[in-house]
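Asks: please find the sequence and the predicted model below.
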Amino acid sequence: MASEQAKAVMEEIGRLSVEQIRQVKEQIDSEVALVQDSISNIRTAAARFESASKALHNLTVHPAGKQLLVPLTASLYVPGKLDNVDKVLVDVGTGYYVEKSVEAGKQYCERKINFLKANNDKLVQVAAEKRSAAEQVTAVLQAKLKQSIVSK
């Protein structure tokens, strides 16, 4: 059924002018780029949650009172001391923080990682479909260009 629809769409595209086919190809290419950017953003977010989960694990192995360096920026640290290793503040978005136990914080991170990976898998599939459509439109465009050259 899906391949029949794809064939019908390609036949309709084949009836378009060369300029219209170029516009369709540009639109599909921009959609592919947008999906690729979304995939990249999801992977970055998942990596941040994985890093947070590891940091929570490391927090549990250190006793209260341990000296450590606290990052203020990516390259600026200040000395600090662990005070309470049982509770953490979790950024749940838009400037809201929720106090949770370390275990609940880890579970939150794992839920987010699983959610992001599921969305990543869906977007990878969409990207493959969009790339396939772009290749098909390119083939139709090349055939149309050859046909117009031969007819001249």
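Replies: Sure thing, it's come through.

Asks: for the rest of this, base every contact and every neighbour count on C-alpha atoms.
Replies: Fine.

Asks: need the longest helix for this protein.
Replies: The helix spanning the most residues in the chain, taking DSSP state H as the definition, is helix 102-151.

Asks: does anything pack onto that one? Which helices or strands?
Replies: helix 2-14, helix 18-61, strand 87-93 (3 or more C-alpha pairs under 8 Å, 6 or more residues apart in numbering; DSSP states H and E).

Asks: quick one: low-confidence parts of the chain?
Replies: For the chain, residues meeting the criterion pLDDT under 70 lie at 1-3, 6, 152.

Asks: run the last query once more with 80
Replies: 1-15, 148, 150-152 (pLDDT under 80).

Asks: and residue 63, which of the three is it?
Replies: coil (DSSP: H, G, I helix; E, B strand; the rest coil).

Asks: contacts only, for it.
Replies: With contacts defined as C-alpha atoms under 8 Å, 6 or more residues apart in numbering, the neighbours of residue 63 are 82, 85.

Asks: phi, psi of it?
Replies: Here is the backbone geometry of residue 63 (degrees, to the nearest 10): phi -80, psi 160.

Asks: what residues of stretch 140-152 count as buried?
Replies: Buried residues in stretch 140-152, defined by neighbour count with 16 or more other C-alpha atoms under 10 Å: 140-141, 144.

Asks: closest one of these to residue 74?
Replies: Sorting these by how near they are to residue 74, with C-alpha to C-alpha, puts residue 141 at the top with 48.3 Å.

Asks: now that closest one: how far from residue 36?
Replies: Here the distance between residue 141 and residue 36 works out to 24 Å (C-alpha to C-alpha, to the nearest Å).

Asks: okay then, goodbye and thanks.
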